[in-house]
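Colleague: I would like to see how this sequence folds:
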Amino acid sequence: MRLALDALFADVPAEQVDEARAFYESRAAGRGPRTLEELKEARATRSAPTAADPPAIEETIGAAEARVPVRIFTPGDGPPRGVYLDIHGGGFFMDSAARGDIRNRELADALRIAVVSVDYRLAPEHPWPAAPDDCEAAALWLVAEAEARFGTSRLAIGGSSAGATLALATLLRLRDKGAVGRFTGAALQFGTYDLSARTPAGRRIAEEYFLQAYAGHVEDRTDPDVSPLYAVLRGLPPTLLVVGGADVLLEDNLALAGRLSAAGNDVELRVYPEAPHGFTGHSTAMARTAIGGVNSWLCDRITEEPGPLT
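Modeller: I've put the predicted structure just below:
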């Protein structure tokens, strides 16, 4: 059987594909820091995040013997219908929850949900397992406190790039603790699911500094907590995978979709043509279409009652 990649493409208007093609042809490809010195410089020269209006509520929450800072948005019109746990990207070593404030404020108001964004510790100062420890703590706090705090126990989770990796690792930890049942959906955008350099996409990023910063000390990077592609994937909530057709991580996202489905999970894969890694953060009509699709999918899942997971 032959399966053409274009058979997997999301349904996007031709003019959006043409615009995206022209946008990326004229745009210089970016790259991440390649040394600790470059990382420090990138952090120091990064512009400050734009504040949302109304601004985030900043708290430090406690769960699993951890204290983790979070940023909370609630809808301006009525009580939240659910809670979305947002995990930011940035290669495990860049960015912060505050950089997503504008997006998360818009998400809270548009979907009438609460959004909790976790400020997990960054590598290399805090390598694995610090980041998944913090994300797990935030998720466990929501499992225990969402009903009392927000008036709803309906939960969803998501992230992009490293955030998608951490979101999946968090769900696996919660499943193993019997605490994943409240999560009705996971929206994962172009995650890095193999950090061991054994898969096609993993080999392409094998020399990236962020891998050394985050997991260079790990003897076996096929540990599912580091590389979720190697996990036993049964018993997870419905999952949306979003990735670009020109993403260096495309093949591992395809592999994850297949493994999730084979394990009996409800999984939907959306591949966007001409789109590289991180495309939903770019100023194209295709990015807006993809984000709108993610929001609609989340709205459908987060307003449903969670069902039993096996």
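Colleague: Buried residues in the helix ranked longest in the chain, which are they?
Modeller: If you go by DSSP state H, the chain has its longest helix at helix 130-150. Buried residues in helix 130-150, counted by 16 or more other C-beta atoms under 10 Å: 130-143, 146, 149-150. C-beta: built from backbone N, CA, C; applies to glycine.
Colleague: What residues does residue 52 make contact with?
Modeller: Each residue near residue 52 by C-beta atoms under 8 Å, 6 or more residues apart in numbering is listed here: 73, 101, 102, 104, 105.
Colleague: now do 10 Å
Modeller: Shown in contact with residue 52 (C-beta atoms under 10 Å, 6 or more residues apart in numbering): 71, 73, 98, 100, 101, 102, 103, 104, 105, 106, 108, 109.
Colleague: any idea which element it lies in?
Modeller: Using DSSP states H and E, residue 52 maps to neither a helix nor a strand.
Colleague: and it, backbone torsions?
Modeller: Dihedral angles of residue 52 (phi, psi; degrees, to the nearest 10) stand at phi -90, psi 160.
Colleague: Please, where are all the strands along the stretch 201-310 of the chain?
Modeller: For the stretch 201-310 of the chain, the strands defined by DSSP state E, counting those that start in this stretch cover 239-244, 267-272.
Colleague: I misspoke; the intended subject was the stretch 1-150 of the chain.
Modeller: Going by DSSP E, counting those that start in this stretch, the stretch 1-150 of the chain shows strands at 57-63, 66-73, 83-87, 114-118.
Colleague: Confidence-wise, which of those strands is weakest overall?
Modeller: Sorting the strands of the stretch 1-150 of the chain by mean pLDDT places strand 57-63 lowest, at a mean of 91.
Colleague: That strand pairs with which strands, parallel or anti?
Modeller: strand 66-73 (antiparallel) (DSSP bridges).
Colleague: In PDB, list the C-alpha atoms belonging to the strand it pairs with.
Modeller: This file holds the C-alpha atoms of strand 66-73, laid out as PDB (Å, rounded to 0.1, in the frame of the first residue of the first chain):
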ATOM      1  CA  ALA A  66       6.400  20.800  44.400                       C
ATOM      2  CA  ARG A  67       5.800  24.500  44.300                       C
ATOM      3  CA  VAL A  68       5.200  25.800  40.700                       C
ATOM      4  CA  PRO A  69       4.400  29.300  39.400                       C
ATOM      5  CA  VAL A  70       1.400  29.500  37.100                       C
ATOM      6  CA  ARG A  71      -0.400  32.200  35.200                       C
ATOM      7  CA  ILE A  72      -4.200  32.000  35.200                       C
ATOM      8  CA  PHE A  73      -6.800  33.500  32.900                       C
END
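Colleague: Good, wrapping up.
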